[in-house]
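Asks: 3D, please:
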Amino acid sequence: MGEVVLRLKDATYRHFLHAPSTFKPWNKIRGQGIFSANLELKKGSILGLVGPNGAGKTTLLRMMAGVLPLQNGSVHDSSQDSVASLSDTDLRDKVGHMPEQVRWQGKKTVRNALMEIGEMRGSNESRIDGLLKLVGLQSRVDSRLSELSQGMRQRLTLAAALLGSPSILLLDEPLNGLDPVASAAFVLLLRKLTEKGVSIVISSHQVEGLVEIIDRLALMHRGQILAEGTIDEVAKQLSLDKKTEVSGYGKAPDFGTYLDDEGAIKIEQFENNWRAVLEKSQVGLLQKLVAGGVDISSWIDRPPNVIEMLCAATGQSVEDVGLEVSSTSVIPLRTFRGEEE
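Replies: The predicted structure follows:
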């Protein structure tokens with residue numbers, strides 16, 4: 001088990017929303033947010049935050065970055081297990097935060113833009129030049145901000161987040177707008193940072209691609225962390241077994257003649273082929289299918305994926321998890337500078 005560098009204990013933050021009444025036109029109530037979050041960050045590891053829109057991922061990152069103050073609970077580093085909670089200033093000193101959207105525009109050069117931010121973080125020219133080299137922008141230091149591609153803007157945002165040599169890096173949707181080549185290069189860069197001992201938290205909707213990046217996973221829904229751990233640990237917490245994917249040509253067979261429990265399989269029929277997912281391993285099924293003349297093209301045993309874990313944790317279907325819009329009468333939705341929380 002790696003060294004714990006940050007620990008959240010019952011951390012809570014709920015957004016204040018306007019709820020005017022006849023005699024209280026400026027009245028506010030507490031709405032959506034984070035409820036009693038418990039989380040540990042390990043040194044040199046990457047934690048992935050996964051959840052549908054409105055789950056609270058961005059709010060949690062802003063709490064950890066010291067942007068939003070804790071209303072209840074506490075946050076500690078490795079040296080403060082039982083003493084006072086870290087202040088917002090303490091967090092900002094040790095955490096680098098990369099928001100989802102930073103609009104780098106204008107005639108200012110890459111180097112000058114980072115220099116201005118570096119002055120507030122006490123970073124010298126040598127440090128800034130080193131960061132630009134680290135994120136792969138050494139050849140674009142004199143380029144204007146308006147000339148940068150989306151991938152270059154993401155790299156510049158990462159460089160800004162690394163000012164001050166933070167030990168913890170929080171990334172909100174860092175792969176948004178990146179092509180596969182740029183995404184792969186960005187992931188390699190993150191791995192270099194973890195080798196230096198930096199702990200990284202990534203919030204992303206690209207859940208399948210996230211699995212190849214992260215060391216640990218945290219499932220979020222409606223402001224709560226439902227499960228956290230390695231992929232195998234989360235699957236075990238949710239009592240999920242390995243699944244078997246079977247594909248074949250032509251028309252899908254009648255699995256009722258081969259299985260005792262037809263409810264343990266999901267079948268998709270396409271024009272010239274089919275695919276079936278078995279909820280549990282079926283010993284001897286492959287031999288039965290082949291003996292029955294079924295034309296099999298592939299047979300894969302795989303662990304449950306992140307989407308299946310999220311569905312199991314929330315008790316909802318893929319459609320409900322992916323398309324859910326929380327009722328404003330129960331948990332009001334809030335936007336922060338154009339971004340949905």
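Asks: Now do S317: how many residues are near it, please.
Replies: 11 (other Cβ atoms under 10 Å). Where C-beta positions appear, they are placed from N, C-alpha and C, glycine not excepted.
Asks: partners of the one helix or strand I202 maps to, with directions?
Replies: I202 is part of strand 199-203 when elements are defined by DSSP states H and E. Taking DSSP bridges as the criterion, strand 199-203 pairs within the sheet with strand 46-50 (parallel), strand 168-172 (parallel).
Asks: how about low-confidence regions in the stretch 101-250 of the chain?
Replies: 206-209 (pLDDT under 70).
Asks: Could you export the strands paired with strand 199-203 as TSV, including mean neighbour count and distance to S239?
Replies: Formatted as TSV, those follow (neighbours: other Cβ atoms under 10 Å; distance: least, Cβ to Cβ, whole Å):
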stretch	mean neighbour count	distance to S239
strand 46-50	24	18
strand 168-172	24	31
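Asks: Go through those and name the closest to S126.
Replies: Closest to S126 of the strands paired with strand 199-203 is strand 168-172 (Cβ to Cβ; 20.8 Å).
Asks: picking that back up, please convert the strands paired with strand 199-203 to CSV, extending it with distance to T257.
Replies: Listed next are the strands paired with strand 199-203 as CSV, based on distance: least, Cβ to Cβ, whole Å:
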stretch, distance to T257
strand 46-50, 38
strand 168-172, 50
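Asks: Relative to A264, which of those is closest?
Replies: strand 46-50 (25.5 Å).
Asks: for the stretch 1-150 of the chain, what spans make up the helices?
Replies: 57-64, 88-94, 110-121, 125-134, 150-161 (DSSP state H, counting those that start in this stretch).
Asks: Which one of the strands paired with strand 199-203 lies nearest to K107?
Replies: Closest to K107 of the strands paired with strand 199-203 is strand 168-172 (Cβ to Cβ; 27.2 Å).
Asks: Just checking, which helix or strand succeeds the closest one along the chain?
Replies: Criterion used, DSSP H and E; the element after strand 168-172 is helix 180-195.
Asks: What are the buried residues along that following helix?
Replies: The neighbour-count check on helix 180-195 (16 or more other Cβ atoms under 10 Å) flags 182-183, 186-187, 190, 193-194 as buried.
Asks: Which strands and helices lie in contact with it?
Replies: helix 150-161, strand 199-203 (3 or more Cβ pairs under 8 Å, 6 or more residues apart in numbering; DSSP states H and E).
Asks: Report the angle between the last one and helix 180-195.
Replies: Relative orientation of strand 199-203 versus helix 180-195 (axes from the mean of the first three to the mean of the last three Cα atoms, to 10 degrees): 150 degrees.
Asks: Now do strand 199-203: distance to the chain's middle.
Replies: Counting by Cα atoms, centre = their mean, to the nearest Å, strand 199-203 is centred 7 Å from the centre of its parent chain.
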